[in-house]
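Colleague: Fold the following, please.
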Amino acid sequence: MSGINCRLTCQSCQQEFVRTSKRGRPPRNCPSCTIEAKREYFRIREESRTRDYSKKRRETSAFVCVGCHKERERHIRRDGKDSGLYCGRQCYFDHKSLVSKEISLIREMGKRSRAYLRPSRPTKKEPITKPAQIRKAPCCICGQEVELLKGKQKASAVCGEACRVERERRIREERKATESWRSARRRYKSSRRAKERGADADPIDPIEVFERAGWRCYLCGVETPIGLRGTNHDDAPELEHVIPLARGGSHTWANVACACRKCNIRKGDSDPRGRGASLGWLASSFLTTPPSSFSRPRNMKSKE
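Modeller: Model (predicted):
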């Protein structure tokens, strides 16, 4: 029975007792035996706290320390962590560091001796370099003979700094004599004033504009020969802006035309839109036609 007021047998004194509490498991001992067991437990715990363990005799053994080489006597543990060769931990660490240094020195000496006794290995073959092939060529400026390496062009051979400067000057002059350079120069000069004023500017070559107009002035219809280009003659062809740049005109194909020098000076910066002036004998249809699609008219006669 495990209920309250049931009778149980004490396992220590073998006497019956009555259970007075229902909580927990049924007790094994009677109340008097339980109190006696607790007293014995506390007595043993108190004795263990006040016990002097220093008086316990431990077995010691005499030995010679491997590190300091002195006779020592101490207790050697037999749990496998104590080798019994050193008198303490500091002596052990000092001896190990000394041994490691000696081992490293011995290894270094072995390397040097092996390197000394080892037969010398053949060195790597150096790449065979052929001697530079030198040839002689005349200077392109003064004609003096110059030594050139293989691969250098004879036409660009120079003997010194002065000849090099002269060669570059001649190259620039030859480049300026080409039609492509002249056309690019004309495009730049014709659009410079428009770019300075912030107007729209197309890369227009004046020669193409003159060819589009048939080398005739769009105001008076007079012929403007190409031979008078760049002169002060009245019939010299000049690039004319129909609406002047000073009046807000643009440097585009629709606003440029061919005019003679006399009409260009007479027109000045006047705006034909305000005066109601026409464009003369030339119709305004071809002004918007780019030169790529323009075919030069044949047998154009001046309009009286």
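Colleague: for the stretch 101-250 of the chain, what spans make up the helices?
Modeller: Ranges of helices in the stretch 101-250 of the chain, per DSSP state H, counting those that start in this stretch, are 161-176, 179-197, 206-212.
Colleague: Flag the shaky bits of this structure, pLDDT-wise.
Modeller: Scanning the chain for pLDDT under 70 picks out 1-3, 51-58, 78-82, 118-128, 132, 149-155, 273-304.
Colleague: Next, give phi and psi for G268.
Modeller: phi 60, psi -130 (degrees, to the nearest 10).
Colleague: still on that earlier bit, compare the helices of the stretch 101-250 of the chain and give me the one nearest R25.
Modeller: Among the helices of the stretch 101-250 of the chain, the nearest to R25 by CB to CB is helix 179-197 (108.7 Å). C-betas here are computed from N, CA, C, even on glycine.
Colleague: out of the helices of the stretch 101-250 of the chain, nearest to E108?
Modeller: Minimum separation from E108 across these (CB to CB) falls at helix 161-176, 59.2 Å.
Colleague: How far does the closest one sit from its chain's centre?
Modeller: On the basis of CA atoms, centre = their mean, to the nearest Å, helix 161-176 sits 39 Å off its chain's mean C-alpha point.
Colleague: That helix: which residues count as buried?
Modeller: By neighbour count on 16 or more other CB atoms under 10 Å, the buried set for helix 161-176 is C163, R167.
Colleague: can you tell me how far the residue lying closest to A199 once chain neighbours are set aside sits from K111?
Modeller: Excluding the flanking residues, the one nearest A199 by CB to CB, 6 or more residues apart in numbering is S250, at 4.9 Å. Between S250 and K111 the computed distance is 86 Å (CB to CB, to the nearest Å).
Colleague: what does P203 give?
Modeller: Counting by CB to CB, the separation of P203 from K111 is 76 Å.
Colleague: Same question for D205.
Modeller: Between D205 and K111 the distance is 81 Å, computed by CB to CB.
Colleague: again with F93
Modeller: 28 Å.
Colleague: Please apply the same query to E145.
Modeller: For E145 relative to K111 (CB to CB), the value is 60 Å.
Colleague: Which parts of the stretch 151-300 of the chain are strands?
Modeller: All strands of the stretch 151-300 of the chain, identified by DSSP state E, counting those that start in this stretch, fall at 237-241, 256-260.
Colleague: now the first one against helix 179-197, angle please.
Modeller: Following axes from the mean of the first three to the mean of the last three CA atoms, to 10 degrees, one obtains 30 degrees for the angle between strand 237-241 and helix 179-197.
Colleague: Flag every buried residue along strand 237-241.
Modeller: Neighbour counts over strand 237-241 (16+ other CB under 10 Å) mark P237, E238, L239, E240, H241 as buried.
Colleague: Identify the spatial nearest neighbour of the first one, chain neighbours not counted.
Modeller: This means P237. T224 (3.6 Å).
Colleague: I figured that neighbour hits C263, correct?
Modeller: No. Counting by CB atoms under 8 Å, T224 does not reach C263; the two are 9.8 Å apart.
Colleague: Have a look at the two and say which one is more surrounded.
Modeller: Set T224 next to C263 and count neighbours by other CB atoms under 10 Å: T224 wins out with 24 against 20.
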